[in-house]
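Visitor: How does the following fold in three dimensions:
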Amino acid sequence: MSSVDSIPGTYWPEGWSRERLVNASSQDILALSDGEEDRMYASLRSVLGTDGFGALMAEMSGNYKAGLAQEEASVAANGGERPLSLDGLPPETRAPFLRTLRLQFPSDDHNWGFVVFRTCCYEDEEAWAFCRARLESVIAASFDSLANVMGVAAARRRFKIHWVEDPQLSDAGVLEIAACYRALLSQSVRALSPGLAHPICLVVDEAARKALLESKIPTPSPWSAEKIIPFALAVTQHTGESETADDEAYEEHGIHPSFRVAVSTLTTNLFPTIADGSLTPGELNIGLSEHDIWYAAAGRHGTFTEAPKVD
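Guide: As a prediction, this is how the structure comes out:
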């Protein structure tokens, strides 16, 4: 095995290497025993540094996109039918959030989900109600597609969106939202269930509202023919605490204080990745542009790029 492939000093689970990691399937990643994924990523961060680790994530993303393109071509050639079924896979492979809940939030008393801030439509409650209903419909569809997976129904009952709505937040920017989120996290432990207290919160701003209105719901698969898909804005918890640190994160590593995330993958992909700490918010958004929408698949990340507006 070459030194490029092995990355000297890195911990690899048995049978793993750099080559296997950048080409791993979702099933490969989820088959790792508890703690092995975290240990592997931690050692890669230590050996490669922020930029090197970001480059590795970018390579994984590129390979994911290439594989997805091949899959979509196969689907098209097959008359729109997907040739492979996931029915025979273990529940935690089909619904990765089940594994996260089992390991980190096993109590039925613990809700899980996200904190979502509303920064738009305070002048039109009817328009907001419609927008909120569409977002909740996208999330519901992500559960519906897994309805026959053992454990999903119980997990769905525990899922919660903690909405933060205040007219003073109208058109609020990421710095204000991050400060409000930190204040919420600093309250009594009873303020949020542990399964909702993440290093990021979500925001429905005017751009996200328009995407929810203009997108097809549920989100079609494959996404390649779509001009836009429903998204929310993810804002990192520590944004604004240090202007110098924020500037350095962007200038040196291309890390943004906020980034767009696909609503249809909040439960299946973003929650497991953020909640188990396998990737930090900064590592998730390295290299994303303002038109990119993040989604993830079992430790790898990919992006959907919004089609440019035509006047």
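
Visitor: Give the closest residue to residue 23 in space, chain neighbours not counted.
Guide: Among residues not flanking residue 23 along the chain, residue 63 sits closest, at 5.7 Å (CB to CB, 6 or more residues apart in numbering). C-betas here are computed from N, CA, C, even on glycine.

Visitor: Is that neighbour in a helix, a strand, or coil?
Guide: Residue 63 falls in the helix class when you classify it by DSSP: H, G, I helix; E, B strand; the rest coil.

Visitor: again with residue 116
Guide: strand.

Visitor: And for it, the neighbour number?
Guide: Using other CB atoms under 10 Å, residue 116 has 21 neighbouring residues.

Visitor: And for it, nearest residue in space, chain neighbours not counted?
Guide: Residue nearest to residue 116 in three dimensions, not counting chain neighbours: residue 202, with 4.5 Å by CB to CB, 6+ apart.

Visitor: residue contacts, the nearest residue to residue 105 once chain neighbours are set aside?
Guide: Closest residue in space to residue 105, ignoring its immediate chain neighbours: residue 195 at 4.4 Å, by CB to CB, 6+ apart. By CB atoms under 8 Å, 6 or more residues apart in numbering, the residues touching residue 195 are 101, 104-105, 110-113, 158, 275.

Visitor: how about these in CSV, adding neighbour count?
Guide: Compiled in CSV, the contacts of residue 195 are given as follows (neighbours: other CB atoms under 10 Å):
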residue, neighbour count
101, 25
104, 15
105, 20
110, 14
111, 18
112, 21
113, 20
158, 17
275, 21
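
Visitor: From these, which shows the smallest pLDDT?
Guide: Lowest-confidence member of the contacts of residue 195: residue 110, scoring 86 (pLDDT).

Visitor: follow-up on the earlier one: now for the helix or strand where the residue nearest to residue 116 lies, which elements pack on it?
Guide: Assigned by DSSP states H and E, residue 202 belongs to strand 200-204. Contact here means 3 or more CB pairs under 8 Å, 6 or more residues apart in numbering; DSSP states H and E; on that basis strand 200-204 packs against strand 112-118, helix 125-144, helix 174-186, strand 231-236.

Visitor: Figure out how far that strand is from the centre of its chain.
Guide: Centroid separation between strand 200-204 and its chain, computed with CA atoms, centre = their mean, to the nearest Å, is 11 Å.

Visitor: One more: stretch 134-151?
Guide: Worked out by CA atoms, centre = their mean, stretch 134-151 lies 16 Å from the chain centre.

Visitor: CA-only coordinates of that stretch in CSV, if you can.
Guide: This file holds the C-alpha atoms of stretch 134-151, laid out as CSV (Å, rounded to 0.1, in the frame of the first residue of the first chain):
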residue,chain,number,x,y,z
ARG,A,134,-44.5,23.1,3.2
LEU,A,135,-41.3,22.7,5.2
GLU,A,136,-43.0,20.3,7.6
SER,A,137,-44.4,18.4,4.6
VAL,A,138,-40.9,17.9,3.2
ILE,A,139,-39.7,16.5,6.6
ALA,A,140,-42.8,14.3,6.8
ALA,A,141,-42.0,12.9,3.3
SER,A,142,-38.5,12.0,4.5
PHE,A,143,-40.1,9.8,7.2
ASP,A,144,-42.8,8.5,4.9
SER,A,145,-40.2,7.0,2.6
LEU,A,146,-38.9,4.9,5.6
ALA,A,147,-42.3,4.0,7.0
ASN,A,148,-41.7,0.3,6.7
VAL,A,149,-38.3,0.4,8.6
MET,A,150,-38.5,-1.0,12.1
GLY,A,151,-38.0,1.8,14.7
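
Visitor: Tell me, please, the helix or strand in the chain that averages the lowest pLDDT.
Guide: Lowest by mean pLDDT, DSSP states H and E among the helices and strands of the chain is helix 3-6, with a mean of 50.

Visitor: Now do the strands in the chain.
Guide: Using DSSP state E, the strands of the chain run over residues 112-118, 159-164, 200-204, 231-236, 258-262, 292-297, 300-305.

Visitor: what's near enough to touch residue 211?
Guide: Residue 211 sits next to 228-231, 306 when contact means CB under 8 Å, 6+ apart.

Visitor: What distance do you get for the closest residue to residue 121 other than its chain neighbours to residue 119?
Guide: Once flanking residues are discounted, residue 121 sits nearest to residue 128: 3.8 Å by CB to CB, 6+ apart. Residue 128 is 11 Å from residue 119, where distance means CB to CB, to the nearest Å.

Visitor: higher neighbour count, those two?
Guide: Per other CB under 10 Å, whichever of residue 128 and residue 119 has more neighbours is residue 119, with 23 against 17.

Visitor: surely that one meets residue 169?
Guide: Yes: in this structure, residue 119 is within contact of residue 169 by CB atoms under 8 Å, at 5.2 Å.

Visitor: overlap in contacts of those two?
Guide: Residues touching both residue 119 and residue 169 by CB under 8 Å, 6+ apart: residue 177.
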